[in-house]
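K.L.:
Could you look at this predicted model? Sequence included:
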Amino acid sequence: MKPQYAVYRGGIKPIYTIEGDITRHSYSIRKDGTEVLRLRKKIAKLLTEYTIEKDSQEIAKIKKRISLLTHDFSGMINGQILEIRADWHTCRFDILIGGRKLCEIEQKKSGFLDSYLILMFDSDMEDFAAAITVICDHISDKDDSESENN
């Protein structure tokens, strides 16, 4: 029942494994079995909010922007502005740090499983991109459930 993700780079063995707790509020991002980051979704917030920790120290805070028309998030990482910009269908996301594009994340539907293609522009931030992909999956899943309810 715990959410699990795997990040691959052209091979069979995953580079990153991500496992969430049963409540889907805390995620461990592991590279080669060692935790490199922890993603936390804040509980009972009016607007969805996440934090990312490295070695138990908060390095990023990300919040949903107030908007009825978009699913964008913004925040700070290492003193720089972070933006997650979603397309209208929440299938493609641009991740920007300090105005520079870190990566593009695109959802690929395949049966019951979602998969994402991550196009990196700054390989030094690969750990962070893996954590952000979980947020993009949450945004996409929430948009899907809202569409089904309308």
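P.N.:
Okay, I see it.

K.L.:
where does this structure dip in pLDDT?
P.N.:
68-69, 111, 143-150 (pLDDT under 70).

K.L.:
Now the phi/psi pair for the residue minimising distance to the centre of it, please.
P.N.:
In the chain, the C-alpha nearest the mean C-alpha coordinate belongs to residue 132, at 2.4 Å (CA atoms, centre = their mean). In terms of degrees, to the nearest 10, the main-chain angles of residue 132 are phi -60, psi -30.

K.L.:
and the closest residue to it other than its chain neighbours, what element?
P.N.:
Excluding the flanking residues, the one nearest residue 132 by CB to CB, 6 or more residues apart in numbering is residue 95, at 5.6 Å. Using the backbone N, CA and C atoms, a C-beta is placed for each residue, glycine as well. Assigned by DSSP states H and E, residue 95 belongs to strand 92-97.

K.L.:
who does that strand touch, helix- and strand-wise?
P.N.:
Counting contacts by 3 or more CB pairs under 8 Å, 6 or more residues apart in numbering; DSSP states H and E, strand 92-97 packs against strand 80-86, strand 100-110, helix 126-149.

K.L.:
For that strand, list every residue counted as buried.
P.N.:
Neighbour counts using 16 or more other CB atoms under 10 Å place 92-97 of strand 92-97 among the buried residues.

K.L.:
quick revisit: please verify my assumption that the residue nearest to residue 132 contacts residue 118.
P.N.:
No: because the distance of 9.2 Å does not satisfy CB atoms under 8 Å, residue 95 is recorded as not touching residue 118.

K.L.:
Next, work out how far apart residue 65 and residue 43 are.
P.N.:
Distance, residue 65 to residue 43, using CB to CB, to the nearest Å: 20 Å.

K.L.:
Which of those two has more residues huddled nearby?
P.N.:
residue 65 (14 against 8; other CB atoms under 10 Å).
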